[in-house]
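1. Following is a predicted model, sequence given first.
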Amino acid sequence: MGLEVTQLACGRMHTMAYVGSTGRLYSFGLGGNGQLGSNGTKNCNSPTTVEGPFVPFAGNSGLEEEQCYVVQSITAGGDQAFALACKLQGAPKPLDFREAPQHRQILCLSNEIIDTWSQIPSGAKLSPDVSRDIHKVFSSAACLNGSFLHSNHFYCNSRNPGVDIGEARAAFYRLGQTVNKDVLQMIYKSMTETLLKALPQSPPDIEALRLYLLLPLLHFFDQGTCAQFVEVPGHLGCRLTKLEGAAGKIIEIWLSHEVYRDLYHRLLHAYKHIAVMVITKLRTVDTVEAVSLQGDLNYSLKVLERLNRVNSQHDIVPHEHFYISEINGTVDIKRDYLMWLQQTRGYNNLPADAEGRQEEDIYFCSFPFVFDAQAKTELLQTDAFLQMQLAVEEVQARNFQSLFLPIDPVNPYLVLIVSRENLVQDTLNQLMKQASADLKKPLKVIFIGEEAIDAGGLKKEFFLLIIREVMDPKFGMFRHYEETQSVWFHDRSFEESSMFFLIGVLCGLAIYNSTIIDLHFPLALYKKLMKRNVTLDDLKQMEPDVGRGLEQLLCYSGDDFEDVFCLNFTIACEYYGSIETVELIKDGNNITVTKENREEYVNAYVEHVLNKSVQNQFDAFGTGFHKVCGGKVLELFHPKELMAMVCGNENYDWDELEKNVEYKGVYHKNHPTIQMFWEVFHQMTLEEKKKFLLFLTGCDKIPILGMKALKMYIQPTMGGDSFLPAAHTCFNLLDLPMYKSREVLRIKLMQAIENTSGFGLV
């Protein structure tokens, strides 16, 4: 019928409905006692008009005005039905059940109420009515859930909480600015003593979750005051982390929406601030107080964990925003990692409480997203030391036994003896024979025919040389993408899987031996190593043009989709100069891409390029990598952090580089040549500075710890204006002649960095 009912009344087994726009009265259900008003006793399964001189409030039906009646209200009960009507002339407006009478509503917050409270003068005593209303609202979840509602709040769901977040934010800001502190104190008391303690773990309905969006807008969550009123975010954080099942997921979905990003940031800053406050206090308090602070730390970390889960799916903020640098120097990270390992392996023997439950200790490794680069590096070094120590102890035990038994002694180091002429094959032959425990030993490299002792320089040179060798296009192991300077596995490589295994092992060895290697894999590789799904964004990072094309396909709204794109479920691949068509799904050549299945096509495209077509190559690579870096420690890293551990990052701080230089010979920071060098260097473009890094270190990226972890050396050399600067890449050592002018220095330095073959080994 499409008519809006404005009044509804139900009897025992019949219903009356009134439509205000037409003035008509309808009934349906059982009519055995004449309760349907149809002048009979028949039942009616669908709404039927009740005959009568009824007209709408703002009109007539052509009858004489004296004969027109307006239905004011309807009532039903048992087997009876009543309609109260009055003549049109002078008739009051009929009841509209969609407009609930104000006196029958619960008290909810509004701009008028907020303005009344916020304008109470400083020092004025609150009236009993104001005190009662403040307590009523802020001690009742129902009152808050009914506040600041959108007109479409009846359709509350995971996409629509039904809250006008902008209006609520502005109103709560004004409330927080009130000069009468009794108002704020009354709100605080009502929330902490009544409201927050009564919130259920399983809310009765999705509408009961709205207050989780409203309460963080209060001034108690401002960065400057959340420490002062920690009990409010504390109680809310406890309830938020204990939400069960669908309720918790709904909150996470709401927080991921664009319109609630400001709310997301407030929660992140508030609970991170509380965590920092607790961690800082732990430095100075005694054991008893430290135990009492564990609860605050626990809920703050768990709220951050929930926020991090949302962020990992929607990339709301960079993952570095979760870092808590105060952990460094306060928390014993090594002990935390070891205790966490014991807990995850079921070795914790914790006392049970009165109800038989075990109270678990808090380990920061359970919340690895709070660890910054320095902490993550220490974790990795701890794991490396632990693994290497186990390997060394096993070796020492065997060596001790060899004194009494015919057992060959074993070297406590992983020693690779290689020749420069046959570097790849020598390395592969020796690594294939090593057990996983042996690969975790400290690495030492010996080049056949050379007397140099590996104090770190040879190891770095080894990685530089072998990575350059195996990544050479002549092997055909990888596809090279010029636009992004990245590489990906070649799905038709002629090399055996052992070569991909070798590169995986080399990546793992580089991490365990704190050496950056010049690999140009995209982030997708590290996501796959950590068993995370790859997406269109990962393909776009590697092939921007292809990624943008697929995005345009997904966003195209025209009706001529098939005529414009003319696609089927295939992909054109280039193999050594020839083009082949590969089906993305079974019989894909005969399946047209349409508006309806285009998302399936894009998913199949991404799946083919990043997963399906290179499965064998990646499996071999992953086997090699995990043979060195397998274990629990890998779970603590973000894919971007793992990527930075392997090949460095681009968080350049050139002033820090200058501060961290060590000068040799007659050079010092005030030497004329050194001053000219830094003047020239700081005038370079970013790309030129990156080329200098490549020239000096063999890689244009820096360690995950930043420039402070990059030690550079500059020493004088003979030759003057006739010679170019030279780099000892394995030691980050720059040979810098004493040039007579800044211009000559600039020209010679640019010639050196522009004409290096890429590694600049001396």
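-> Yes, it's here. This structure is a prediction, so every number in the text was calculated from the model and none was measured.
2. so what's residue 680 closest to, chain neighbours aside?
-> Nearest-residue entry for residue 680: residue 746, 4.6 Å, with adjacent residues in sequence omitted and distances by C-beta to C-beta, 6 or more residues apart in numbering. The C-beta positions use only the backbone N, C-alpha and C, and glycine is treated the same way.
3. burial measure for that neighbour, as a count.
-> 18 (other C-beta atoms under 10 Å).
4. and what of the one 3 residues further on?
-> When counting by other C-beta under 10 Å, one arrives at 23 neighbours for residue 749.
5. Where does pLDDT dip in the stretch 151-300 of the chain?
-> 223-228, 285-292 (pLDDT under 70).
6. Show me the helices in it, by range?
-> Listed in chain order, the helices of the stretch 151-300 of the chain (DSSP state H, counting those that start in this stretch) span residues 165-176, 181-190, 196-198, 211-214, 231-242, 245-256, 261-281, 287-314.
7. which of the residues in the shortest one are buried?
-> Under the neighbour-count criterion of 16 or more other C-beta atoms under 10 Å, helix 196-198 has residue 196 buried.
8. now do the first one
-> Within helix 165-176, the residues scored as buried using 16+ other C-beta under 10 Å are 165, 167, 168, 171, 172, 175, 176.
9. Identify the residue nearest the fourth one in space, chain neighbours excluded?
-> In space, not counting the residues next to it along the chain, residue 171 is nearest to residue 114; the distance is 4.4 Å by C-beta to C-beta, 6+ apart.
10. With residue 174 as the reference, measure out to the one you found.
-> Per C-beta to C-beta, to the nearest Å, residue 114 is found 6 Å from residue 174.
11. you'd agree residue 294 is up against residue 362?
-> Yes - assessed by C-beta atoms under 8 Å, residue 294 is found in contact with residue 362 at 6.0 Å.
12. Make sure the residue nearest to residue 171 is indeed in a strand.
-> No - Residue 114 sits outside any strand when classified using DSSP: H, G, I helix; E, B strand; the rest coil, being helix.
13. Endpoints of stretch 697-715, how far apart?
-> 15 Å (C-alpha to C-alpha, to the nearest Å).
14. residues making contact with whichever strand or helix holds residue 674?
-> Using DSSP states H and E, residue 674 falls within helix 672-682. Identification of contacts with helix 672-682 by C-beta atoms under 8 Å, 6 or more residues apart in numbering yields 654, 658, 663, 667-669, 689, 692, 714, 716, 736, 738-739, 741-742, 745-746, 749.
15. Give me the subset of those that lies in strands.
-> The strands, defined by DSSP state E, take in 663, 714, 716, 736 from the contacts of helix 672-682.
16. Which one (most neighbours) among those?
-> residue 736 leads the ones in strands among the contacts of helix 672-682 on contacts (other C-beta under 10 Å) with 25 neighbours.
17. do you know how far that residue is from residue 746?
-> Using C-beta to C-beta, residue 736 is found at 13 Å from residue 746.
18. Contact partners for the residue nearest to residue 235 when sequence neighbours are not counted?
-> Leaving out its chain neighbours, the residue that sits closest to residue 235 by C-beta to C-beta, 6+ apart is residue 196, at 3.5 Å. Applying C-beta under 8 Å, 6+ apart to residue 196 gives the contacts 232, 235, 236, 239.
19. Please apply the same query to residue 256.
-> Contacts of residue 256 (C-beta under 8 Å, 6+ apart): 264, 310, 313, 314, 316.
20. export the helix holding residue 674 as CSV, just CAs?
-> Extracted C-alpha coordinates of helix 672-682, given in CSV (Å, rounded to 0.1, in the frame of the first residue of the first chain):
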residue,chain,number,x,y,z
PRO,A,672,88.9,23.4,5.7
THR,A,673,88.4,20.4,3.4
ILE,A,674,85.9,18.8,5.8
GLN,A,675,83.9,22.1,6.0
MET,A,676,83.9,22.4,2.2
PHE,A,677,82.7,18.7,2.0
TRP,A,678,79.7,19.2,4.3
GLU,A,679,78.8,22.5,2.6
VAL,A,680,78.7,20.7,-0.8
PHE,A,681,76.9,17.7,0.7
HIS,A,682,74.0,19.6,2.3
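21. That one: which residues count as buried?
-> 673, 674, 676, 677, 680, 681.
22. one step back: let me know the pLDDT of the residue nearest to residue 680.
-> pLDDT, residue 746: 93.
23. same deal with residue 420?
-> 88.
24. i'd like the first residue to be 744 from this point on
-> OK, 744 is where the count begins now, so the last one is residue 1163.
25. I'd guess it is in a helix, am I close?
-> No - assessed with three-state DSSP, residue 1163 is coil; it does not lie in a helix.
26. what's across from the closest residue in space to it that isn't next to it in sequence in the sheet?
-> Excluding the flanking residues, the one nearest residue 1163 by C-beta to C-beta, 6+ apart is residue 1190, at 6.1 Å. Note on residue 1190: beta-bridge partners residue 1161, judged by DSSP bridges.
27. just checking, residue 1407 touches residue 1471?
-> No - counting by C-beta under 8 Å, residue 1407 does not reach residue 1471; the two are 11.5 Å apart.
28. looking at this structure, which helix or strand does the model trust least?
-> helix 1116-1144 (a mean of 72; mean pLDDT, DSSP states H and E).
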